[in-house]
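Colleague: have a look at this fold, sequence not included:
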């Protein structure tokens, strides 16, 4: 925003202080939040949906788009991100209930937010997708639907072996030597 001199420089507010999950979603990514409110939430309300159904619809749209943004680059449709986003609905209800029963100065909701979202949630999804992607890339068996089926055909296996071998050669703490990644690949042995 500063480099392009974009007029609206407010992209987020203090989401790290959120004591409720609904606060986080309102503070985290303001351009996306405003877009979803304008183009999903208000139209759902105008169509006659109750507020809770409109919120569910917005989370469904957002979860679908997040899943698309993660599964296409990873070549795997696993619905981990979609499930994690939809799991926010009960967490919103839980943190709202907690905030009604504890004092305003209590950080119980903020601690719950950091543990479930930033320490466990996102890192777990990243590890699941990375595991699935590398399992797909290094698998010699044919994939089955919704488990190992690529959304986009991955690059040839020798290119992946070279890439993985280069990563192994650069990593001093690698548990697997670069040549052991693909013993049949001559480029891996060269590294």
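Modeller: Everything's here; your move. Keep in mind that this is a model prediction, so the values were computed, not measured. Numbering: from 1, shown residues only.
Colleague: what about the longest helix in the protein?
Modeller: Longest helix in the chain, counting residues (DSSP state H): helix 51-74.
Colleague: contacting residues around the helix or strand following that helix?
Modeller: Beyond helix 51-74 on the C-terminal side, the first helix or strand identified by DSSP states H and E is helix 80-86. Counting contacts by C-beta atoms under 8 Å, 6 or more residues apart in numbering, the residues outside helix 80-86 that touch it are 59-60, 62-64, 66-67, 70-71, 121, 125, 128-129. Bear in mind the C-beta positions are built from the backbone N, C-alpha and C, glycine included.
Colleague: what's the longest helix of the chain in contact with?
Modeller: Counting by C-beta under 8 Å, 6+ apart, the neighbours of helix 51-74 from elsewhere in the structure are 32, 36-37, 40-41, 44-45, 49, 77-82, 85-86, 88-89, 125, 129-130, 132-133, 151-152.
Colleague: show me which residues of it are buried.
Modeller: Neighbour counts over helix 51-74 (16 or more other C-beta atoms under 10 Å) mark 54-55, 57-59, 61-63, 67, 70-71, 74 as buried.
Colleague: let me know the closest of the contacts of helix 80-86 to residue 111.
Modeller: Sorting those by distance to residue 111 puts residue 121 at the head of the list, at 14.0 Å, by C-beta to C-beta.
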